[in-house]
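# coords please:
(chains A, B, C and D, ligands or ions: 4)
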Amino acid sequence: MPVQQSRDQLLGAYRQMKTIREFEERLHKEIMTGEIAGFTHLYSGQEAVAVGVCAHLDARDYIVSTHRGHGHCIAKGCNIKGMMAEIYGRATGLGKGKGGSMHIADFDKGMLGANGIVGAGAPIAVGAALSAKLDGEGRVAISFGGDGSVNQGAVFEAMNMAVVLKLPAIFVVENNGYSEHTGADYAVGSKDIAARSEAFGMKALRADGSDYFAVYDAMAELLDHARSGKGPCVAEFTTTRFFGHFEGDPQKYRAKDEVKRHREEMDCLKIFRAAVSRNRALDAGALNAIDEEVLALIDEAVAEARAAPFPSKEEITTDVYVSY
Amino acid sequence: MPVQQSRDQLLGAYRQMKTIREFEERLHKEIMTGEIAGFTHLYSGQEAVAVGVCAHLDARDYIVSTHRGHGHCIAKGCNIKGMMAEIYGRATGLGKGKGGSMHIADFDKGMLGANGIVGAGAPIAVGAALSAKLDGEGRVAISFGGDGSVNQGAVFEAMNMAVVLKLPAIFVVENNGYSEHTGADYAVGSKDIAARSEAFGMKALRADGSDYFAVYDAMAELLDHARSGKGPCVAEFTTTRFFGHFEGDPQKYRAKDEVKRHREEMDCLKIFRAAVSRNRALDAGALNAIDEEVLALIDEAVAEARAAPFPSKEEITTDVYVSY
Amino acid sequence: MAIKSYREALNEALHAEMERDPTVFVCGEDVSGGAGGTSGEREASGGIFGVTAGLLPRFGEQRVIDTPISENAIVGLAVGASLAGKRGIAEIMFADFLGLALDQTMNQAAKFRYMSGGKAKCPVVIRVPYGAGMNMAAQHSQTMYQIITSIPGLKVAMPSNPADAKGLLTSAIRDDDPVVFFEHKAMYGRKGDVPDGEYLVPFGQAALLRSGDSATIIAMGRMVSFAEKALEALAADNIRCDLIDLRTTSPLDEETILDSVEKTGRVVVVDECPPRCSLASDIAGFIATHGFSSLRAPVAQVTAPHSPVPFSKDLERSYVPGPTEIEAAVRRVVSYK
Amino acid sequence: MAIKSYREALNEALHAEMERDPTVFVCGEDVSGGAGGTSGEREASGGIFGVTAGLLPRFGEQRVIDTPISENAIVGLAVGASLAGKRGIAEIMFADFLGLALDQTMNQAAKFRYMSGGKAKCPVVIRVPYGAGMNMAAQHSQTMYQIITSIPGLKVAMPSNPADAKGLLTSAIRDDDPVVFFEHKAMYGRKGDVPDGEYLVPFGQAALLRSGDSATIIAMGRMVSFAEKALEALAADNIRCDLIDLRTTSPLDEETILDSVEKTGRVVVVDECPPRCSLASDIAGFIATHGFSSLRAPVAQVTAPHSPVPFSKDLERSYVPGPTEIEAAVRRVVSYK
Ligand SMILES: Cc1ncc(C[n+]2csc(CCOP(=O)(O)OP(=O)(O)O)c2C)c(N)n1
Ligand SMILES: Cc1ncc(C[n+]2csc(CCOP(=O)(O)OP(=O)(O)O)c2C)c(N)n1
Ligand SMILES: [Mg+2]
Ligand SMILES: [Mg+2]
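Ligands and ions are numbered 1, 2, ... in the order given. I've put the predicted structure just below:
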C-alpha cells in the first residue's frame, strides 16, 4: 500500500527529478557545441528511479552507480556545479576534471562513484554493504545497474555473495530495454530479470520506473527488509531513456516513433504532476516555481563550469597514491 | 520412465565405473609413495555421473572437464595408460607430461581438457556447443562442474550465453556437497542449484548421482532436448567424493563417519550391482570378470608409467605455439 | 591500391576472410547491434566503432553473433569454438575490459596447446580497441598490450596504419595460434593506401619506415605516426633516424632492432604504456642485454607517466607521449657524448 | 627475535593487525574453511596454505569471511568495504586467478583515488600466493607480479624471507593505497629470524643483503635465496657482489639500484617471470636509461623461458631460474671486457 509523503518530501522529489531532467537536456544541447569531450550517457527518462530510490537514503547510506550516473549522483546529493564542472573537465569538478562524466563520485555523500565498467559496481556495493553490516547501524548499500549489466559475471557473483553473507545490499536494476544497441529481450536469456535474481535467494520486486510513487513504495518495502538484517533484495524498474545510448547514437535499433511515444506516455515528470494534482497534494504553482529555480541553477552551473580553469599539467601525476 | 539398455551397454558402463574407481583408489596409494608430484583430485564416489553422462556421447560430442577430471576422461574414452603416464609426468603421457593431472585432454576423443580454473570450462563448452550448432550435425557439448563452480561468474555468463544463442550445451553439476573445505549449503546462497539454473531459462533436472540408471535416464531426456535444437539444459546430480578435496586433505570439515557412511550407502558400484542382480540383467560372474580385467589394466598402466621416460628438457619450450 | 581508413581496412579483411573460410565467425557486444528491441533494422551498429559493419547482412546471424555483456564468456565462446574446429574472432569493446576476460585469454587460450603437449590448436583472434586520445578516461583508454605481451602462448599484433591493419588482421585470422589484436581507437578514421585483394603482413617482421644513421626510433601502434612527425622536425637539423615499427610485439623482430642499433648506437623507444614493465622497458632491457656493445648513449624511453589516464582534454593530451617528447629524446641521445 | 616460518610470520602479522585495528578483516575461499557442510569443526583449514589459521576462533565470522568461488567479487568485496571505511584483506588462492579478478584490481582499486581527484581512499590488500616449484602446472604457478607492477595505482610487495613477510604485510595493511601482496608458495615453510612485536618494513626501500664490488645482483621473492646460493659458490673465486632484494617492485627503490650499479658497473637481474615485459626487462631497461654511464657490461637477465610452466618435475625445475643460471650470468658479466 502507498506510503504517505509530506509536502516537503514531494516538492523535494519533484525538484530532484526536474534537476536531473534539465541537467541532461542541457548537456544534450551543450555536447553539440563540441565543448564537452568524451563519452556522456544521459539519464533523461529514468529520473523517477534514481529519485524514488534515494528518497529513502541519507548520506550514511551508500550507492554505487554506472556509466549513466548523473541521475544517481544528483539524487544522492552531489553538488550540481561540481558535477557540471567535472563533465566539462575543469579543475573545479568533483574529481578535479580527472574522472569526467563516467567517474563522478562524492564519498562524503556516500556516492561511491559512477563506473565505466558495466557490472563492476555490484561487487563494490556488496563490499560497502559488508562495511555497513560490520558497523551495525542499519545502513544499506544500493547497487544501480541496467538490464545489460545483469548478464555480467561480476553481478551474478555479487548477488550470490550478498545472499551468502546476508548483507544489506539492494540491487536496483533499471530495465530501459537496451544495452547499448541490443534489446534486453535478447540479451537476458530468461527474459525476466526479477525472477532470475529472485532464484538467487533474494526478495525481489518489479515496478513501473516511470512512476515515482511506484518506485518509492517498492523501495520502502525492500529497504525495510534490508535495514532490518533480513538480507539482500533486488528491484527491477521498467523505464526508458529519452536519448541515445551515448550522445551521437543514431538509435537505428529503436522503432522510429519509440522515443516520441515514450516522451508522451512514460515521462516521469508528467506522471508525477498528474498524480499530485489528481490527489491535490501539490499545486501547479509550486511546481512551476521549482521549474524556474532549476533552470536558473543549471544555467549557473554551465556558466560557472565554462568559466572555470582546466586542471594544471601537474595534476596528471597527483592523486595516483596517497603516498608513494 | 527408465530407458532400456543392452547387456553390452550395461557391461560397458560397469567396466568404466570400475576402471575409474580402481584408477583413483590406486592413485591414492601411489601418491603416498611420493612418486606423483603436484595436485591430484580424485573422482572416487562420483563415477556414476561421468559414466551415466558419457554413455550417451560419442567421440564427435564434446566434453569439458574440471580439476577433478580423471573420471570424465576415462568415461569419454581417453587412453588409460596415456592418462596414468601424464599424471606421472612422463613423456608418454597424453600431454607429454607437461599438463599433469589437472590438464588431461584428448582432442581426438572430443575431450577438451580437464581445467585447473574452477568454472572456466563452462564458457569453453558453450563455445564448443556453438561449433556443434554451426555444423548442424546434432552434436552436443557437456560442461562438467561442481557445486562450487556454479558460483563463478564465468559459469553464470556461460549459462546465459547458451540460452541467448540457444546452443546444444548441457551443464552437468556434480553436487558432492563441498567446494574444497566449504559446504555447498553455505556457498550456494539459494541452496538450490537446479532451480537457480532453471531461472536462467534452461530445462533443468535433478537426480541421484550415485545411481547410474538415474543419471542415464535424466541425461537421455536432456540430450534429446539439446540435440533436437531446443536449447541448453542443466542437470544437478547429488553425489559424494570418497577422498579429500585433494590428496593430503585432513577433511576436518566433514563429520567423522561421513565418508564411511557414504561408502556404504552411496557407492555407485554397489548400487549398480544390486540393481542389475535385482532385475537379473547381469550375473555377478560377468562383473567379477570385469573387476579382474580392470585391476590388471591399472597394474599395467602404473607399471608402464613408472617405467616410461621423463620428457627431455627441450620440451620446456616446445608446443607453446604452432609457429612463432 | 586504394585510399581507405584503418576501420575500412579492418572491415575489408574481415569480409574477405569470412568469405574465404566458412569456419570464421565474429562475436561480441553489438558486433551487429539491433538484436531484440523494437528495431526494424537488424544491423543497427556494426560494432561500436563500425569495424564489423556489413558482416551480418552478408554472413547472417550464425556467423555474426551479438552477445550479452559477458566479456569472459565472449572470449570463452570464441576459444571453445576454436578448440572445436572453428576460427573465432571475439571483439572486446575496449581493451580495458580484458580485465574481465583475462582468465580465458591468459589461462585458457594461451595455454591449451602447451598443456596438451601440442595436441590442441586454438586459432582464436581477440580484437581489442585500445589507447588514449579520445577523452574516455581511465577505464576506457588503457594500452594493455604490455600485459598481453608478457604472456607466453599469445601473439600480439598492433597495426600503425591502414595497410598493416588489413595485412596483420588477415594474418591473425589465418594464424593457428591465439592472437590478441590491438586496434588504436584514435586511428580508426586515419586514411592511407591499402593494397587491393588478398594482402598479408607476416608476424614477427618489423617495418623499417625511415632510414638514418643518427639514431634508432622503435615504436608501435599510434606512436609510429608521432615518431614520423618528430622526424620531420628533426630533418631540418639533418638528424635522420631509422624508424622501426614493430607491427607485432610478440613475436618480436629482434634482428631488425639489433641491426639498427649496431648501426646507430643510439636508441629511443616510444611506447604509449606507463613506464613499468612496459614495451619501452622491454625493448630497452633487450638492447641493454643483447645490443650493449653497440650502445653509445643511454636508451631513451618515451612513455606515458606512471598514472591512470586523465579525462580532461589537456591533461590527456600531455599524458600521451607525442612528437615533442620524441623529438627531445632523439636530440638527447644524438647529442650524448 | 625468534625462528619462525614465512607462513607463521604472515599469520602473526594478520593476528596483530586485526587485534590492533577493528576495521581490518579478511575474506576469501576457505580462509577459515568449514562453513556449512557436516563439520563439527568450524575452522577446518585456515586457508589452503594455512596463512589465515587461527583468525576465525579469535576474531569471528564477521571479520574472517569465507566466500564462494567468485574471485572478482572477492576482490570487489574487499575494495568496496575499503572505500567505505574498512581495511579489507582479500586472499586470492593462487595469483593465477587474478585473471578473473583483474577488473576489480586494475580498473577499480587502482583507479578510484585518481578518478575522484584524490577524494577516494582504498586501503585494500590482495594477498596472492604465486610462483612455480610445486608441480602445480601452468594455471597454478604463474608469477603475475610483472602484470600488476605495470599498473599505476597499485603497490606490489613480495617478501623473500620470514622477517620481510611480517614487516611488509604489516606495512601493507596499514598502507592507505591498494597493495597486491605476493607470497611465494614454495617459501611458506621456509624458516628464519622474525622480530617479535610490532615490526614494519617500509615500502620502496630495497634491502642490500650482500656487499661486493664484482657486480650487482638484483632479485625479488624466491629468486633472492637462489642468488644467495650462487654467491656462495662465487665466493670461492673471490667474486663478491651487491645483492639487492627489491622487497617492493612498486614503488621501486631506484636509488639503491643506481648507487650499486655506479659502484660495480655490472648487473645481473634475476626474475622468475618469463622474459617479455618482465621485472628483469623493467630493471634492465631502467638501468639502460638511467645508469648507462656506469655500465661496463651487458645487463644479464636471468628469467624463466617464454613458455607456460610445465608440470613434470624436472621440466619445472629447469624452467625456474636457479643458482646455476645466476652463477653463470655473474661470471659472464664479471668477465666481460
Ligand atoms: C565491462 C563492460 N563491457 C561493455 C561496456 C560498454 N558498454 C557501456 S554501457 C553498455 C550497455 C549497458 O547497458 P545497461 O546495463 O542496460 O545500461 P544502460 O546503458 O541501458 O543504462 C555497454 C555494453 C562497458 N562499459 N563495460
Ligand atoms: C578460479 C579458481 N578458484 C579457486 C580454485 C581452487 N579450487 C580448486 S577446486 C576448488 C573447489 C571446487 O569445488 P567444486 O566445484 O564443488 O568441485 P569439487 O572439488 O567438489 O569436485 C577450489 C576452490 C581454482 N582452482 N580456480
Ligand atoms: Mg539498459
Ligand atoms: Mg563440490
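
# All the helices of the stretch 101-250 of chain C, residue numbers only.
For the stretch 101-250 of chain C, the helices defined by DSSP state H, counting those that start in this stretch cover C:112-115, C:145-149, C:162-174, C:223-235.

# Deepest in the core, which of those is it.
Neighbour counts (mean count of other Cβ atoms under 10 Å in any protein chain shown) averaged over each of these peak at helix C:112-115, with a mean of 30. (Each C-beta comes from the backbone N, C-alpha and C, glycine too.)

# Help me see whether that helix makes contact with chain B, please.
Yes: using Cβ under 8 Å from any Cβ of the partner chain, helix C:112-115 reaches chain B at C:112, C:113, C:114, C:115.

# so who does the third one touch?
The one in question is residue C:114. If you count contacts by Cβ atoms under 8 Å, 6 or more residues apart in numbering or on different chains, residue C:114 has them with B:98, B:99, B:319, B:320, C:152, C:153, D:138, D:307, D:308, D:310.

# What's the separation between residue C:213 and chain B?
32 Å (Cβ to the nearest Cβ, to the nearest Å).

# phi, psi of the residue of the stretch 1-150 of chain C found nearest chain A?
The nearest approach of the stretch 1-150 of chain C to chain A comes at residue C:36, 2.4 Å away (Cβ to the nearest Cβ). Phi and psi for residue C:36, reported as degrees, to the nearest 10, are phi 70, psi -160.

# Quick check, central residue of chain C?
residue C:158 (2.1 Å; Cα atoms, centre = their mean).

# one step back: make a markdown table out of the helices of the stretch 101-250 of chain C and add distance to ligand 3.
Converted to a markdown table, the helices of the stretch 101-250 of chain C look like this (distance: least, Cβ to the ion, whole Å):
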| stretch | distance to ligand 3 |
| --- | --- |
| helix C:112-115 | 35 |
| helix C:145-149 | 30 |
| helix C:162-174 | 31 |
| helix C:223-235 | 36 |
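
# can you redo the contacts of residue C:114 as CSV with neighbour count, pLDDT and distance to chain A?
Output for the contacts of residue C:114, formatted as CSV (neighbours: other Cβ atoms under 10 Å in any protein chain shown; pLDDT from 0 to 100; distance: Cβ to the nearest Cβ, whole Å):
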residue, neighbour count, pLDDT, distance to chain A
B:98, 33, 98, 29
B:99, 33, 98, 26
B:319, 23, 98, 30
B:320, 21, 98, 29
C:152, 24, 98, 26
C:153, 28, 98, 23
D:138, 27, 98, 23
D:307, 22, 98, 29
D:308, 30, 98, 24
D:310, 34, 98, 30
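
# could I get those residues as TSV with distance to residue C:75?
Output for the contacts of residue C:114, formatted as TSV (distance: Cβ to Cβ, whole Å):
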residue	distance to residue C:75
B:98	23
B:99	21
B:319	21
B:320	19
C:152	18
C:153	14
D:138	17
D:307	21
D:308	18
D:310	24
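
# Closest one of those residues to ligand 1?
Ligand 1 lies nearest to residue C:153 out of these, by Cβ to the nearest ligand atom, at 24.0 Å.

# isn't that closest one right next to residue C:109, touching?
Yes: applying Cβ atoms under 8 Å, one finds residue C:153 in contact with residue C:109, separated by 7.4 Å.

# Now do the shared contacts for these two.
residue C:178.

# neighbours around the residue of chain C found nearest ligand 4, how many?
Closest approach between chain C and ligand 4, counting by Cβ to the ion: residue C:103, at 19.8 Å. Neighbours of residue C:103 under the rule other Cβ atoms under 10 Å in any protein chain shown: 29.

# for residue 159, what are its contacts?
Just so you know, I chose chain A. Residue A:159 neighbours (Cβ under 8 Å, 6+ apart): A:122, A:171, A:197, A:200, A:202, A:232, A:234, B:189.

# ah, I was thinking of chain C
Contacts for residue C:159 (Cβ under 8 Å, 6+ apart) come out as C:6, C:165, C:167, C:168, C:169, C:183, C:201, C:221, C:247.

# Repeat that for residue A:99.
With Cβ under 8 Å, 6+ apart, residue A:99 has these contacts: A:86, A:93, A:105, C:137, C:138, C:311, D:114, D:115, D:116, D:117.

# How about residue 91, nearest residue that isn't a chain neighbour?
Reading this off chain A. Computed as Cβ to Cβ, 6 or more residues apart in numbering or on different chains, the closest residue to residue A:91 that is not its neighbour in sequence is residue A:311, at 4.3 Å.

# my question was about chain C
Spatially, and ignoring its direct neighbours in sequence, residue C:91 is nearest to residue C:28 (3.2 Å; Cβ to Cβ, 6+ apart).
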